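A.B. asks: Quick one, fold the following:
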Amino acid sequence: MEDDDDNTPVENETPSEDNTTKEKRFRGQSICKEIWKWKSKGLKVPLEWNDYGQPIGKHCAMLQTYLGYLARTQVPIDIVDWPSVPYTLLVHLWDDVEATFEVDPKYDKRYIMESISKKWRDRKSQLTKIIFSYLEDPEFAKDNPTTLTDPPKKSNITKEQWKTFVASRDNPEFKAIRKGAQERRAKLEYNHRSARTSLAQIEANLQKEHGTSEQIDRALIWKKSRMNNKGQFLDESTKEVAERIVSIH
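C.D. replies: Predicted structure coming up:
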C-alpha cells in the first residue's frame, strides 16, 4: 500500500521499480501497518483539522496514505470519470474511512471524498504516462512489449479493466486532449515539491515553529512548499523567485 499529498505516489505502477518508488512503497506499508494496529484494537485514528477544514497533525500522512489505498484498490480505473462512480461505492468508501478514522460526516466528508477523487485521478494519470511511454518511446516499448496488453504488476487491475483503459487513451480524441493539457502544464513553472505534506500541514508546521495560531504569510508557505526535506530548492528558477519574494518582504 502506499501514499500524495495530498499527493499519492503510485505503488509499483511502472514495469521497473527504481529506488525512489521502492522507498515510497516501503514508507506506505509502514504507515498502513500502524493503521491496522489501531483497527485491531477497535480504535479509530484521531485527526486534527485546521480552520479551513483541512487535516493537519501527526496522523495527516496516515490519512493520506489510507485514502490513496482506497482510491487504488476500491475504485476501478475503467470508470470514465468521478461523477460516474456508483453511489453504492461512494457510500462504501465513506463508511470505510468513518470506521478507520475519527471523522465527522457533517464537516469532514467533503474533504475526504474530494481527496479520494483526486488520488484516483492522479493514479489514472500515472497509468496514462506508462501507456504513452510505450506509444512514444521505442526503447521503452522494446523493453516492455506487453505494456498495452498486461496491467502493471501488483496494481489490482484486471486484464479487462486494463484493456478498456488503454483503449480510452490510445485514440485521436484523447491524444488531442492530452497534448493541450501538456501545453498548459508546461506554462506552470513553479510546481510545489512537498510530496504528501499538504499546504495545510506546511502552514500548521510553520505556526508551531513560530509559536502562533495566526494565519501564515502565503509567500512563506509558497517557498516552503517548493523546497525538499533538506530545505533546498530543486531548480534555479524557483530559487530566484523565492529570493525576489524575500527582498520584497
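A.B. asks: For this protein, just list every one of the helices.
C.D. replies: Shown for the chain, the helices assigned by DSSP state H span residues 19-40, 60-74, 87-100, 109-136, 138-143, 159-169, 172-186, 199-210, 218-225, 236-248.
A.B. asks: where among the ones you listed is the average confidence lowest?
C.D. replies: Of all the helices of the chain, mean pLDDT reaches its minimum on helix 236-248 (a mean of 61).
A.B. asks: From I202, how far off is T65?
C.D. replies: Noted for T65: a distance of 18 Å to I202, by CB to CB, to the nearest Å. The way it works is simple: take the backbone N, C-alpha and C, and place the C-beta from them, glycine included.
A.B. asks: Of the two, give the one with the bigger neighbour count.
C.D. replies: The neighbour comparison of T65 against I202 (other CB atoms under 10 Å) goes to T65, with 25 against 22.
A.B. asks: what's the spacing between the more buried one and C32?
C.D. replies: Counting by CB to CB, the separation of T65 from C32 is 6 Å.
A.B. asks: next one: K39
C.D. replies: Taking CB to CB, one finds K39 at 10 Å from C32.
A.B. asks: more neighbours, the two?
C.D. replies: C32 (18 against 13).
A.B. asks: What's the separation between that one and I157?
C.D. replies: 19 Å.
A.B. asks: and if you look at Q54?
C.D. replies: Distance from Q54 to I157, counting by CB to CB: 31 Å.
A.B. asks: and the closest residue to Y111 other than its chain neighbours, what does it touch?
C.D. replies: Using CB to CB, 6 or more residues apart in numbering and skipping the chain neighbours, the partner closest in space to Y111 is G53 (5.6 Å). Contact partners of G53, counting by CB atoms under 8 Å, 6 or more residues apart in numbering, are 107-108, 110-111.
A.B. asks: give me that answer again for 10 Å
C.D. replies: Taking CB atoms under 10 Å, 6 or more residues apart in numbering as the criterion, G53 is in contact with 107-108, 110-111, 200.
A.B. asks: quick check, nearest of the residues you listed to R72?
C.D. replies: Among the contacts of G53, Y111 lies closest to R72 (CB to CB), at 18.8 Å.
A.B. asks: The closest one contacts Q64, correct?
C.D. replies: No. Taking contacts as CB atoms under 10 Å, Y111 lies outside contact range of Q64: 11.3 Å.
A.B. asks: Those two: who's more crowded?
C.D. replies: Neighbour count, other CB under 10 Å: between Y111 and Q64, Q64 has more, with 27 against 18.
A.B. asks: ok, that one touching S115?
C.D. replies: Yes. Q64 lies in contact with S115 (CB under 10 Å); the separation is 7.4 Å.
A.B. asks: How is this protein divided into domains?
C.D. replies: Following automatic domain parsing, one finds the domains of the chain at 19-123, 199-248.
A.B. asks: out of the ones you listed, deepest packed?
C.D. replies: domain 19-123 (a mean of 16; mean count of other CB atoms under 10 Å).
A.B. asks: on that earlier part again, list residues touching both of Y111 and Q64?
C.D. replies: With CB under 10 Å, 6+ apart as the test, Y111 and Q64 both reach P55.
A.B. asks: want to throw the helices of the chain into a markdown table with distance to D81?
C.D. replies: What follows is those, written out as a markdown table (distance: least, CB to CB, whole Å):
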| stretch | distance to D81 |
| --- | --- |
| helix 19-40 | 26 |
| helix 60-74 | 14 |
| helix 87-100 | 13 |
| helix 109-136 | 8 |
| helix 138-143 | 28 |
| helix 159-169 | 11 |
| helix 172-186 | 13 |
| helix 199-210 | 25 |
| helix 218-225 | 28 |
| helix 236-248 | 32 |
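A.B. asks: Cool, thanks, talk later.
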